[in-house]
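**Q** Predicted model, plus sequence, below.
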Amino acid sequence: MATQGFASIGIDVSVNSVSLNYVQDIGDIGGTPSELDATCLKDTMKKQVPGVQDVKTWECTYLFDNSAADSDYRTLKALQTAGSVVPVAVTFPDGTVFSSTGYVNTYISGAKVDELVTAKLAVSIQSDWVVTDPAAT
C-alpha cells in the first residue's frame, strides 16, 4: 500500500557527490514546457502545443558557515569558481532520488535582526531531472 505522504525530515541534498549539512529548503524539481502558439485563422480559441522544457534555476537555502575548509559555503564557492558542470542529487526519505547536472552559484541571502544568516545555492540546470525510484521492500 502506498504511503500517504511523508515529512521532509531526512531529505539529503548533494552537490558534486558531497552532502550539504545545513539545508533548510529546496526549490521545485522539474519544470513545464514552453507553449508554442498553434492558433490558425479558422480557430475560435487560442491553441498551444508543448515546446521545450523550461526548467528554471534550481535553488535551495542553507545556513551560512565559513568556519572550516569543508563548510557548505566554501565547498560550493569552490565549485562556483571552478565553473564546471557538476552533478546535483536530492534524496527523499522514501529513497526516491532526483538527479541532474548544472553550474553552481552561491551567495549570502542577507541578514536581519534575530535571524540566522543564510545563503542560497543556485544551480543553472543543464540536464533533465532523472528520477530513480526507491527499491522495493
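**A** Everything's here; your move.

**Q** Quickly list what the residue most central in space within the chain is bridged to.
**A** By Cα atoms, centre = their mean, the chain has its centre lying nearest to residue 58, at 3.8 Å. Legend: beta-bridge partners of residue 58 under DSSP bridges are residue 123.

**Q** pretty sure residue 100 contacts residue 128?
**A** Yes - Residue 100 is within contact range of residue 128, at 6.9 Å (criterion: Cβ atoms under 8 Å). Where you see a C-beta, it was placed from the backbone N, CA and C, and this is true even at glycine.

**Q** quick one, which of those two is more surrounded?
**A** Comparing residue 100 with residue 128 by other Cβ atoms under 10 Å, the one with more neighbours is residue 100, at 20 against 13.

**Q** Check which residues of stretch 89-100 are buried.
**A** 89-91, 98-100 (16 or more other Cβ atoms under 10 Å).

**Q** and those, which of them are in strands?
**A** Counting by DSSP state E, the part of these found in strands is 89-91, 98-100.

**Q** Any idea how many residues pack against residue 101?
**A** Residue 101, neighbours per other Cβ under 10 Å, totals 19.

**Q** re the thing from before, I'd like the buried residues of stretch 89-100 laid out as TSV, including distance to residue 117.
**A** TSV is the format used below for the buried residues of stretch 89-100 (distance: Cβ to Cβ, whole Å):
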residue	distance to residue 117
89	26
90	23
91	26
98	28
99	29
100	27
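
**Q** before we move on, the earlier item: tell me which two of the ones in strands among the buried residues of stretch 89-100 sit farthest apart.
**A** Spanning the widest gap among those are 91 and 100, at 13.0 Å by Cβ to Cβ.

**Q** tell me the mean pLDDT for whichever strand or helix holds residue 78?
**A** Assigned by DSSP states H and E, residue 78 belongs to helix 72-82. When pLDDT is averaged over helix 72-82, the result is 97.
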